[in-house]
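Undergrad: Prediction below, plus the sequence it came from.
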Amino acid sequence: MNRMSITTLVLGFLGATFLVPTAAEAIPAFARQYKISCTTCHEPFPRLKEFGEEFAANGFTIPEQEKDRDFVSAGDDLLRLNRDFPLAVRFDAFSLFESDSPVGSDLQSPWGLKLLSGGNLSRNVGYYFYFFMDERGEVAGVEDAYVHFNNIGGRPFDIMVGQFQTSDPLMKRELRLTYEDYHIYKTKVGDSHTDLTYDRGVMMTYDIEKTGTGLVALVCNGNGKPEAYQENGGAKKYDTDKYKNFAFRVAQDLGGNLGAGYYFYYGKEAGLETGGDGTFRDNEIVYHGPDLVLGNGVFDLTLQYLFRSDTNPSFVAAPRDVDTEGVVAELVISPRKDRSRYHFTLLYNQVDSDWNQHDYETMTVGATYLVSRNLRLTAEFTSDIQEETQRGVLGLVSAF
């Protein structure tokens, strides 16, 4: 069968004539630098396989392939500049269909256009960032941006400083294959500014190789990524209150392609009482829950449960506790593992909150066809069980 015929079959998958884009961390600049295929790290891009996770954990370097000739010689042993500045571009475009909507179909091109860079700053020090030049029709600016210190003191201890998602120790939203998100991560309860998406802070990781245990701890502002403001003529600040938020995750390799983990997050935020006398009141936020990963490269299953509690998400004088539960279940099928050109995804999302406006439940079926290693077509259909509506998308995802 020729390429056109194969593409046509994929676009007809499950009778859905839709295409979808996804957010990603794929950087073709790495493939150019090391002269390796995208499949060395991705399966398919932007989803990372084990080697890709190790590559990122090593500060975006392959130590055994680092050569002095890859860096500018400036006569200074403390200066290590890449000879070629690693740079890449993402361009995503798609069309969308929604039932029971005044605008039932939409052509969205581009939906995302981002500039990415990542690489080596020094031995065992790397960096990564991307800039959204166009996200949903506006300049969104910087999202992921951090410096990564690897193997500090010769131990499997890493520190990341910058801007990242506090859900990254669970699953990286930027690496998902579906347009449909992991909804519990981005659910903000009431007037709270806290969720598990982007924040500014420090993340620390430590691996106990003997037992197969991974530890992650992070400290962050807890209020997302707002613009800096100036208070009473003092220094400009990002954080809007005196509190810092903390998270911790322990992950255990159980052997036989099975792993389990537990995530805990504690935060506190101060908010102005709506319609009140200008009084600031506190809200305490706690997330916790287990996760399970099982996979052999053909079938990869991830199950997660998160419980969130808020003590006063409306910042009122008479507080009310609000409990929210979330489930994410994702199955990725790659018939030929990292050599597959077809990949299929089943994704289930559920959010059940004491405040019904946050309730959410969807089932998503998606298929991906790789036209080339850095260009893929995706068909996706989502049924919103809560609202009894359907959504489909049709598009392309590219990196170059």
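TA: Nice, thanks for sending it over.

Undergrad: what's the offset of the longest strand belonging to the chain from the middle of its chain?
TA: With DSSP state E setting the assignment, residue counts place strand 105-122 as the longest strand in the chain. Centroid separation for strand 105-122 versus its chain: 14 Å, with C-alpha atoms, centre = their mean, to the nearest Å.

Undergrad: Parallel or antiparallel, which strands does it pair with?
TA: On the basis of DSSP bridges, the sheet neighbours of strand 105-122 come out as strand 88-98 (antiparallel), strand 125-135 (antiparallel).

Undergrad: Please spell out which residues along it are buried.
TA: Using 16 or more other C-beta atoms under 10 Å as the burial criterion, the residues of strand 105-122 that qualify are Gln108, Pro110, Trp111, Gly112, Leu113, Lys114, Leu116, Ser117, Gly118, Gly119, Asn120, Leu121. Every C-beta, even on glycine, is put in place using the N, C-alpha and C of the backbone.

Undergrad: CSV for those residues, including distance to Leu331 and pLDDT?
TA: Putting those into CSV (distance: C-beta to C-beta, whole Å; pLDDT from 0 to 100) gives the following:
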residue, distance to Leu331, pLDDT
Gln108, 27, 88
Pro110, 30, 92
Trp111, 25, 89
Gly112, 25, 90
Leu113, 30, 93
Lys114, 28, 93
Leu116, 28, 91
Ser117, 33, 91
Gly118, 29, 86
Gly119, 34, 82
Asn120, 36, 81
Leu121, 38, 84
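
Undergrad: Show me the residue at the heart of the chain, geometrically.
TA: In the chain, the centroid-proximal residue (C-alpha atoms, centre = their mean) is Arg173; its distance is 2.4 Å.

Undergrad: Identify the residues contacting that residue.
TA: Contact criterion C-beta atoms under 8 Å, 6 or more residues apart in numbering gives Ala23, Gln165, Ser167, Asp181, Tyr182, Tyr185, Lys186, Thr197 as the residues in contact with Arg173.

Undergrad: tell me the pLDDT at the last one?
TA: pLDDT recorded at Thr197 is 96.

Undergrad: Val371 versus that one, what's the distance?
TA: Taking C-beta to C-beta, to the nearest Å as the criterion, Thr197 is separated from Val371 by 31 Å.

Undergrad: who has more neighbours, these two?
TA: Under the criterion of other C-beta atoms under 10 Å, the comparison of Thr197 against Val371 puts Thr197 first, with 20 against 15.

Undergrad: Is that one in contact with Lys186, as I believe?
TA: Yes. In terms of C-beta atoms under 8 Å, Thr197 counts as a neighbour of Lys186; the distance is 5.2 Å.
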